[in-house]
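# Quick one, fold the following:
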Amino acid sequence: MSSDDQPAGGGASVHIGAVHGGSLAFGDHGKAESTNYTTVVSDRARGDLLTAVRTLRRELGEGARTPEDDEIAARLDDIEGELSRAGRAERGVLVRLRDRLTEYAPAATTAASVTAFLQAVAGVLG
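As a prediction, this is how the structure comes out:
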């Protein structure tokens with residue numbers, strides 16, 4: 001059956017190439033919900049920090065986790081939340097996480113992300 005043919009005997013037919021920024025539901029009791037978040041970041045340095053936080057958080061979530069990974073992931077979640085809500089993060093939180101990551105000696109897979117995070121923190125803290 002080609003993509004333009006209708007199924008024999010009637011019935012529904014859906015052809016989707018891509019969906020961006022929305023929700024779809026099918027069937028008699030289908031329900032679609034969509035939640036959108038807008039992040040307001042006060043300046044470029046904080047925007048770079050938010051990007052670095054998200055990248056490092058994602059990479060820490062891959063593979064085996066240590067207690068240090070869990071601790072760092074929790075602090076990254078805190079910073080991401082502050083940046084997303086208020087466009088800034090508390091200086092003390094940034095300093096503590098920066099210092100922790102400096103001594104952490106991350107695995108090679110996250111080393112680049114840790115470096116990017118540390119550079120982004122330096123851009124915010126000055």
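# residues contacting Thr55?
113, 116-117 (CB atoms under 8 Å, 6 or more residues apart in numbering). In short, each C-beta sits where N, CA and C put it, glycine included.
# Give the next helix or strand downstream of the helix or strand it falls within.
Per DSSP states H and E: Thr55 is located in helix 44-60. Moving toward the C-terminus from helix 44-60, the next helix or strand (DSSP H and E) is helix 67-86.
# how about that following helix: buried residues?
The neighbour-count criterion (16 or more other CB atoms under 10 Å) identifies 69, 72-73, 75-76, 79-80, 82-84 as the buried residues of helix 67-86.
# Ok, stretch 55-64 next?
55-57, 59-60.
# Then stretch 116-126?
116-118, 120-121, 123-124.
# Need those residues in CSV (columns: distance to Arg65 and secondary structure).
Shown next, in CSV, are the buried residues of stretch 116-126 (distance: CB to CB, whole Å; DSSP: H, G, I helix; E, B strand; the rest coil):
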residue, distance to Arg65, secondary structure
Ala116, 20, helix
Phe117, 18, helix
Leu118, 21, helix
Ala120, 23, helix
Val121, 22, helix
Gly123, 28, helix
Val124, 27, helix
